[in-house]
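*Asks:* Output the structure for:
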Amino acid sequence: MLEQFIQWLLERFRDLGYPGIVVLMAIESSFLPLPSELVMPPAGYLAAKGEMSFVVAVGCGVLGSILGALGNYGLARWLGRAFFVRLGRYVLVTNKRLDRSERYFADHGEISTFMGRMIPVVRHLISIPAGIARMNLGKFVAFTGLGALVWCTILTWIGWFIGSREDVLLEVLNQEAKRYAGRALVIVLPALAVLAGLYAWWYRRRAAQQNREG
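*Replies:* Predicted structure coming up:
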């Protein structure tokens, strides 16, 4: 099942290409819930297979991240927090998550738009308090772009690593699977024997009790 999903995901990336990375990462950086872990690693995998450029894929990821973050930033700057409070229930932006991103921005200041790109939940919401605080647009784009560059590079490298060492990783996984299967048999078979013994004891006791009552 998992292997089929991965193959399906890779096929979609082959169809979407670089524009797809930009669009998907823009969605990921907006208030819509789309994990970047489903976007950049497949691109890295295809880069390892020679079907994409590692550098271009990362660049597209950064561009998409900036565009999506600018959308949040603009909405927060001109429509305010109330817009996201009303909209949040439809797109999983809860008050708790919004409060968390606002506290993070208040604690760390403008640099949080860089660091926040690497933190789950905060990552796609940190642009909102930045917009509400009317952070300088140039700084916002620079910090967001740098944070996205680090994050997209890490995720793309993970995909590239898997793709470039696929045979080795599959061999290791197969060996581990065989090892744990052997261990499982050592544990499961005695456990089944014990359960079977307990059931036989219970069944005989129940039958004897019914005979006495009969």
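*Asks:* Buried ones in stretch 75-92, by neighbour count?
*Replies:* Residues 75, 76, 77, 84, 88 are the ones in stretch 75-92 that count as buried (16 or more other C-beta atoms under 10 Å). For the C-beta atoms, the positions are set from N, CA and C on the backbone; glycine is no exception.
*Asks:* Got phi/psi on the closest residue to residue 101 other than its chain neighbours?
*Replies:* What sits nearest to residue 101 in space, not counting adjacent residues and going by C-beta to C-beta, 6 or more residues apart in numbering, is residue 125, at 3.9 Å. Recorded main-chain torsions at residue 125 are phi -110, psi -10, according to degrees, to the nearest 10.
*Asks:* Ok, residue 136 next?
*Replies:* phi -50, psi 130.
*Asks:* what about residue 118, neighbour count?
*Replies:* Using other C-beta atoms under 10 Å, residue 118 has 13 neighbouring residues.
*Asks:* quick one: which of the buried residues of stretch 75-92 sit in helices?
*Replies:* Cross-referencing these against helices under DSSP state H gives 75, 76, 77, 84, 88.
*Asks:* Would you check those residues and say which has the weakest pLDDT?
*Replies:* Across those, the smallest pLDDT goes to residue 88, namely 66.
*Asks:* just checking, residue 68 touches residue 27?
*Replies:* Yes. Using C-beta atoms under 8 Å, residue 68 is in contact with residue 27, at 6.3 Å.
*Asks:* Among those two, which residue is more densely surrounded?
*Replies:* Neighbours per residue, other C-beta under 10 Å: of residue 68 and residue 27, the larger number sits with residue 68, 26 against 19.
*Asks:* possible to save the ones in helices among the buried residues of stretch 75-92 as CSV with distance to residue 53?
*Replies:* Formatted as CSV, these follow (distance: C-beta to C-beta, whole Å):
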residue, distance to residue 53
75, 33
76, 34
77, 35
84, 36
88, 37
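*Asks:* dump the residue contacts of residue 142.
*Replies:* For residue 142, the contact set (C-beta atoms under 8 Å, 6 or more residues apart in numbering) is empty.
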